[in-house]
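Asker: coords below, sequence missing:
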Ligand SMILES: C/C=C/C(=O)SCCNC(=O)CCNC(=O)[C@H](O)C(C)(C)COP(=O)(O)OP(=O)(O)OC[C@H]1O[C@@H](n2cnc3c(N)ncnc32)[C@H](O)[C@@H]1OP(=O)(O)O
């Protein structure tokens, strides 16, 4: 539990809100640990989709510039970021304002990004002499395109909302409510399939065995039968994740 993060559950969707609006939701050790734990708890409690957002005018101003220089913080930051990519459920970032530095890292550790009018992305490590890991730079290049990633990383440039939408860094324009509505739609999809797909999208060759297993699990599931039954009965399937 932390005062810096709230968790709200609505059916199968969990909303996690960074709550340091006076510091523009900058990430410190406590907030990284709280977010990591809350996302894992959400999955443990059966959530089928997670939304992450920031309170106030920013999504996340990145690492807390008053406390970024310790190993403990960096470790907690990457455990949290990579933890999100390893969760078996889709995570949507509702980017309600600037996502700077580790704020962009947080947004791209999520699977999907919904951006409101104030959203923008930057990783200005070249302005403050810091560094982000290879996963961050490669994922940014994968999502935004290599040319834009070069501009962001080598010229400390910003990607605004419209550009993010046009290049694929952001998936949909919209508000937090739109992101939550999308999460509810996603929560009705087949959970084992989503978990398999996410594992393939984010996994490495080290995950090959787990991927083969998740593939087999999907095909052996009750849900695959439920989809066929629902089709025959001309109704929407009700997936249970087994
Ligand atoms: C490995 C990862 C590395 C990193 O992530 S390095 C950090 C990279 N991030 C940045 O460089 C972002 C710095 N912040 C900003 O650019 C701006 O802020 C925003 C665009 C996010 C928001 O601008 P606006 O709404 O005008 O707010 P404001 O007046 O600049 O800031 C309000 C208060 O928030 C504090 N604050 C903002 N960002 C951080 C931060 N990253 N760490 C600690 N505090 C921060 C300020 O100092 C100030 O405080 P006060 O009201 O006392 O003057």
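Answerer: Nice, I can see it. Everything numeric here is computed off the predicted structure, so don't read it as measured data.
Asker: would you mind listing what in the chain touches the ligand?
Answerer: 23-24, 26, 57-58, 61-66, 68, 98, 100-102, 124, 128, 130, 132 (Cβ under 6 Å from any ligand atom). Where C-beta positions appear, they are placed from N, C-alpha and C, glycine not excepted.
Asker: tell me which of those residues fall in helices.
Answerer: 102, 128 (DSSP state H).
Asker: which stretches of the protein form helices?
Answerer: Assigned by DSSP H, the helices in the chain fall at 29-44, 71-86, 102-109, 125-128, 134-144, 146-154, 161-167, 176-187, 191-202, 208-219, 222-232.
Asker: wait, which of the ones you listed is closest to residue 115?
Answerer: Residue 115 lies closest to helix 161-167 among those, at 4.9 Å (Cβ to Cβ).
Asker: buried residues in that closest one?
Answerer: 161, 163-165 (16 or more other Cβ atoms under 10 Å).
Asker: how much space separates the residue in the chain that the ligand sits nearest to from residue 39?
Answerer: The nearest approach of the chain to the ligand comes at residue 101, 2.3 Å away (Cβ to the nearest ligand atom). Using Cβ to Cβ, to the nearest Å, residue 101 is found at 20 Å from residue 39.
Asker: and the residue lying closest to residue 230 once chain neighbours are set aside, backbone torsions?
Answerer: Excluding the flanking residues, the one nearest residue 230 by Cβ to Cβ, 6 or more residues apart in numbering is residue 237, at 3.8 Å. The phi/psi pair for residue 237 (degrees, to the nearest 10) reads phi -70, psi 150.
Asker: number of residues surrounding residue 237?
Answerer: Look at residue 237: counted by other Cβ atoms under 10 Å, it has 18 neighbours.
Asker: any idea how far residue 45 is from it?
Answerer: Residue 237 sits 23 Å away from residue 45, going by Cβ to Cβ.
Asker: go on, residue 67?
Answerer: 30 Å.
Asker: of those two, who's got more company?
Answerer: Set residue 67 next to residue 45 and count neighbours by other Cβ under 10 Å: residue 67 wins out with 14 against 10.
Asker: and stretch 234-242, end to end?
Answerer: Across stretch 234-242, the terminal residues are separated by 22 Å (Cα to Cα, to the nearest Å).
Asker: buried stuff in that stretch?
Answerer: Those would be 237, 239, 241, for stretch 234-242 by 16+ other Cβ under 10 Å.
Asker: can you lay out the residues you listed as JSON lines showing distance to residue 208 and pLDDT?
Answerer: Output for the buried residues of stretch 234-242, formatted as JSON lines (distance: Cβ to Cβ, whole Å; pLDDT from 0 to 100):
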{"residue": "237", "distance to residue 208": "29", "pLDDT": "97"}
{"residue": "239", "distance to residue 208": "26", "pLDDT": "97"}
{"residue": "241", "distance to residue 208": "23", "pLDDT": "95"}
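Asker: so can I have a markdown table of those residues showing distance to residue 86?
Answerer: Below are these laid out as a markdown table (distance: Cβ to Cβ, whole Å):
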| residue | distance to residue 86 |
| --- | --- |
| 237 | 27 |
| 239 | 21 |
| 241 | 17 |
